[in-house]
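Undergrad: no letters, just coordinates:
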C-alpha cells in the first residue's frame, strides 16, 4: 500500500493540473470574447472582504452565511471572510470606486476562485471557480434578457447542446411580504412533514423552503401557493416583458414557479440554466449558471438606490463536462520546429542570448540547457519532432558561427551566428 504524502491539499480543495488548464483557458477565452462583444469590462475584487459585506448583502438566514463562510479575525481586529460569491464584492467596488457617477449602466464581469465550507462532493469544492456578469444602473427588463442570453451563448459556444433555462419572478418589497405570509400559513399546517432544516427556515425565511432538495419537502412544495399568482402590477409587467424579450430571440425557457435561488438579495427575475445532457446521464439537476435581478442590494450596502441584474456560472463543473465533449476544439499551441543544442561553457553562455533573440523574433524554439551531452540533446530533439537543430559548441562560439542540421536529411551547414534568425525564418517558410 502506497504511503500517504505528508502534505495534501486541504479537504474540498484541489489542484488544477497542467492537463486541465486548457479547459479553464477555453472557458476564459469564450467568456472574454462574449464579454467584449456585449460591452462588459473585467473587474477583479479581493479574495478577502469584510464579513459583514456578505452577512448583510446575502442574508443572515442563508446557508452561506450561517454554515459555509470562511471567516476570521485579523491581528488588528478586523472581521474578514474569504469571498463566497461575486456579486456583493462587485457592488462594494461599484459604490467605493464611485462608479455610480459613470454613464449608466455599468457592465462588469469577473473570473476567479471563491470559497465555501460545505460538504465536498462531485463537482462541488470548498475552493471553487466562477465567472460572473453584472449590470448596474438599469431597471429595464431587456437587461434581464441580455444577462440570460450572454450565459446561454457562452454555454452554447462551449458546445452544450441541450440547455434548459428555468425562470421565475420572486416579486419585490411590495408583493413578496404578502406571499411570504401565504407560505407561512401553508407550511405551518404541514410542519410535521418538513425536514428539520425547513422547520428552522419556516421561522427565519420561509422562501428558503422552496429551495430545499429533500424529497419529502419537495412534495409539499409542489402544492404550495405560487408567487406568480400574487405579483404586484410592476413585478407582473416586468416579468411579462422579460419573457416577451426571450420569445423575440427564440431562447427556450420554462417557468418554474418555485425557483427562488439561495441568496436574499434577489428581486423580481431569477433564473438557472441546466444541461439536459448532464441530467440524462446522472438523473440529477445541477445548474451550470444562475442569477437574477437585485434592485435593493446597492442601497442596502450603502450606495444610492440602483437597479441591477447579474449571473454567475461554476467553472469547475463546466470544465469537468467539457472533458467529455469530443466536438470541442482547442487552438493548438505553436510546436517548436527548432531545437537549440549547446556544448561547453562558452556555447551555453552564448545560447542564452540567442534564445532571447528567437523569443523577440516570435520563433518558438526548444532547448535543454541543463544537458551537456550532444547525444542526449539530439535525443530530446527527436522526441519533440523538430525540423532543425542548431548546434552551438565551443568552436562555433569562438568563431561566431552556428551549425544548422536538417533532421529529415541529416545534412548540416555552418553559417554566421548573426544571420541565424533570418536564415531560420526562410527555412521555416520553405519547409
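TA: Everything's here; your move. From a predicted model like this one, the values you see are computed outputs, not experimental measurements.
Undergrad: where in the protein is the helix or strand with the lowest mean pLDDT?
TA: Every helix and strand of the chain was ranked by mean pLDDT, DSSP states H and E. The lowest is helix 276-282, at a mean of 57.
Undergrad: check which element follows it along the chain.
TA: Next along the chain after helix 276-282, taking DSSP states H and E as the criterion, comes strand 287-293.
Undergrad: parallel or antiparallel, which strands does that following strand pair with?
TA: Looking at strand 287-293 with DSSP bridges, its partner strands are strand 267-275 (antiparallel), strand 308-314 (antiparallel).
Undergrad: identify all contacting residues around it.
TA: Around strand 287-293, the neighbours that count as contacts under C-beta atoms under 8 Å, 6 or more residues apart in numbering are 132, 144, 147, 151, 155, 160, 170, 261, 266-275, 307-314, 317-318, 321. In this view, the C-beta of every residue, glycine as well, is placed from N, C-alpha and C.
Undergrad: mind checking the pLDDT average for that strand?
TA: In this model, strand 287-293 carries a mean pLDDT of 94.
Undergrad: what's the first helix or strand after it?
TA: Downstream of strand 287-293, the first helix or strand assigned by DSSP H and E is helix 297-300.
Undergrad: any buried residues in that following helix, and which?
TA: Within helix 297-300, the residues scored as buried using 16 or more other C-beta atoms under 10 Å are 297-298.
Undergrad: what's the closest of the strands paired with strand 287-293 to residue 236?
TA: Counting by C-beta to C-beta, residue 236 lies closest to strand 267-275 out of the strands paired with strand 287-293; the figure is 10.0 Å.
Undergrad: average pLDDT across that closest one?
TA: In this model, strand 267-275 has an average pLDDT of 94.
Undergrad: same check, this time on stretch 126-145
TA: 96.
Undergrad: may I see the buried residues of it?
TA: By 16+ other C-beta under 10 Å, the buried positions in stretch 126-145 come out as 126-141, 143-145.
Undergrad: and what of stretch 384-403?
TA: Buried residues in stretch 384-403, counted by 16+ other C-beta under 10 Å: 386-393, 396-397, 401-403.
Undergrad: thinking residue 392 is in contact with residue 347, fair?
TA: Yes: between residue 392 and residue 347 a contact is recorded at 4.7 Å, counting by C-beta atoms under 8 Å.
Undergrad: returning to what we had before: now intersect the buried residues of stretch 126-145 with the helices, please.
TA: Cross-referencing those against helices under DSSP state H gives 141, 143-145.
Undergrad: reformat the residues you listed as JSON lines; add distance to residue 174.
TA: Formatted as JSON lines, those follow (distance: C-beta to C-beta, whole Å):
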{"residue": "141", "distance to residue 174": "17"}
{"residue": "143", "distance to residue 174": "20"}
{"residue": "144", "distance to residue 174": "18"}
{"residue": "145", "distance to residue 174": "22"}
